[in-house]
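Asks: sharing a model prediction with you, sequence too.
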Amino acid sequence: MSREENPASKPTPVQDVQGDGRWMSLHHRFVADSKDKEPEVVFIGDSLVQLMHQCEIWRELFSPLHALNFGIGGDGTQHVLWRLENGELEHIRPKIVVVWVGTNNHGHTAEQVTGGIKAIVQLVNERQPQARVVVLGLLPRGQHPNPLREKNRRVNELVRAALAGHPRAHFLDADPGFVHSDGTISHHDMYDYLHLSRLGYTPVCRALHSLLLRLLAQDQGQGAPLLEPTP
């Protein structure tokens, strides 16, 4: 399937069905923020990125990296692509771009979502050739086993394979083990069985921070050769 035929990889703005223009206002704010910042790391994605910014662990781990947070709740891959094509990468030169998106691609197959994520990686490579891209794997969702969990698992499998051996892109499994042995997810980790609690963010952010430091050190010639972050 070509990019033009895949709705998940066709840059598309969010339709303003509520009529308050919030999504476009956030996009314009991100573009403006990028004009007077010099981030080492840029995060872009959906609400899992957006809400991370409200946690203390963001200030502890990512603020020292002068990180920018370009997360918007509800975004799918097609929306992130539109934002990136319309200014959010124009005024900055980050060393790393972290991408976490795909769980909101309702109505798209795992293969289509994978195509959308690959299109984001390709676009970042084209617009920011100096930057590495870190793609976080999609998390399981729902208190009990359900088809969306399986779909997200399949997306992760496909994205991991697609990025294997890529010189400037890395896949990180973001799930520290949220699914218990009985197949359930605790509300202590995901308060609504989709979004992370502060407790849930902690292991995800610490694993990501460790990888970011390794990548930054490697690019500065200070680190050992990078090992794959996931088996």
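Replies: Perfect, thanks for sending it.
Asks: how about the strand or helix carrying Ala161: buried residues?
Replies: If you go by DSSP states H and E, Ala161 is part of helix 147-163. For helix 147-163, the neighbour count (16 or more other Cβ atoms under 10 Å) marks Arg149, Lys151, Asn152, Arg154, Val155, Asn156, Leu158, Val159, Arg160, Ala162, Leu163 as buried. Where C-beta positions appear, they are placed from N, C-alpha and C, glycine not excepted.
Asks: export those to CSV and tack on pLDDT?
Replies: CSV is the format used below for those (pLDDT from 0 to 100):
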residue, pLDDT
Arg149, 98
Lys151, 99
Asn152, 99
Arg154, 99
Val155, 99
Asn156, 99
Leu158, 99
Val159, 99
Arg160, 98
Ala162, 98
Leu163, 98
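Asks: what does the lengthiest helix in the chain contact?
Replies: Of all segments of type helix in the chain, defined using DSSP state H, the longest is helix 198-219. For helix 198-219, the external contacting residues (Cβ atoms under 8 Å, 6 or more residues apart in numbering) are 40-41, 52, 55-58, 61-62, 65, 95-96, 98, 132, 134, 136, 170, 172, 174, 176, 178, 188-190, 196, 223-226, 229.
Asks: type out the ChimeraX command that picks the buried ones from these.
Replies: To isolate the buried members of the contacts of helix 198-219 in ChimeraX, using 16+ other Cβ under 10 Å:
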select :40,41,52,55,57,58,61,62,65,95,96,98,132,134,136,170,172,174,178,189,190,196,229
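Asks: one step back: could I get the CA-only coordinates of the helix holding Ala161 as PDB?
Replies: Provided in PDB are the C-alpha atoms of helix 147-163 (Å, rounded to 0.1, in the frame of the first residue of the first chain):
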ATOM      1  CA  PRO A 147      -8.600  -6.800  20.300                       C
ATOM      2  CA  LEU A 148      -6.900  -3.400  20.700                       C
ATOM      3  CA  ARG A 149      -4.200  -4.900  22.800                       C
ATOM      4  CA  GLU A 150      -3.500  -7.400  20.100                       C
ATOM      5  CA  LYS A 151      -3.500  -4.700  17.500                       C
ATOM      6  CA  ASN A 152      -1.000  -2.600  19.400                       C
ATOM      7  CA  ARG A 153       1.100  -5.700  20.000                       C
ATOM      8  CA  ARG A 154       1.200  -6.400  16.300                       C
ATOM      9  CA  VAL A 155       2.100  -2.700  15.500                       C
ATOM     10  CA  ASN A 156       5.000  -3.000  17.900                       C
ATOM     11  CA  GLU A 157       6.100  -6.200  16.200                       C
ATOM     12  CA  LEU A 158       6.000  -4.600  12.700                       C
ATOM     13  CA  VAL A 159       7.600  -1.400  13.700                       C
ATOM     14  CA  ARG A 160      10.500  -3.200  15.500                       C
ATOM     15  CA  ALA A 161      11.100  -5.200  12.400                       C
ATOM     16  CA  ALA A 162      10.900  -2.100  10.100                       C
ATOM     17  CA  LEU A 163      13.400  -0.200  12.200                       C
END
